[in-house]
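Asker: sequence unknown, structure follows:
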């Protein structure tokens, strides 16, 4: 049986290609609402970030999310994302570690 192809995505901050499941998706809904999508299934324009605070800060500094989402992302949205990102980061790291253990 052929091994399944792993979908890759690029982090908008560090430009590193990684498996889709190891990245955090930021989505702009059709209504213009920007949020973190842990399921990866919300409808809208998506951008991917590594699960590192450094990449989030770099994306904020370089306005990478604005370009990737084709929409200006206001400072209040970045503040909300920063709070959400810090809360999500621990959950993301635990999930990634668990999946890493499952692979072995």
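Answerer: Received the coordinates, thanks. Computed from a prediction, not measured in an experiment: that's the story for all the values here.

Asker: Do a quick rundown of the strands in this structure.
Answerer: 8-10, 17-19, 24-28, 34-37, 45-49 (DSSP state E).

Asker: which one of those lies closest to residue 64?
Answerer: Residue 64 sits nearest to strand 45-49 of all the strands of the chain, at 7.6 Å, using C-beta to C-beta. Just so you know, the C-beta spots here come from the backbone N, C-alpha and C atoms, and that holds for glycine as well.

Asker: got the end-to-end distance for stretch 56-75?
Answerer: Terminal residues of stretch 56-75 are spaced 13 Å apart (C-alpha to C-alpha, to the nearest Å).

Asker: Identify all contacting residues around that stretch.
Answerer: Outside stretch 56-75, the residues that touch it by C-beta atoms under 8 Å, 6 or more residues apart in numbering are 12-14, 26, 28, 32, 34, 45, 47, 49, 78, 81-82, 85.

Asker: Throw the strands of the chain into JSON lines and include mean neighbour count, thanks.
Answerer: Below are the strands of the chain laid out as JSON lines (neighbours: other C-beta atoms under 10 Å):
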{"stretch": "strand 8-10", "mean neighbour count": "15"}
{"stretch": "strand 17-19", "mean neighbour count": "12"}
{"stretch": "strand 24-28", "mean neighbour count": "22"}
{"stretch": "strand 34-37", "mean neighbour count": "17"}
{"stretch": "strand 45-49", "mean neighbour count": "20"}
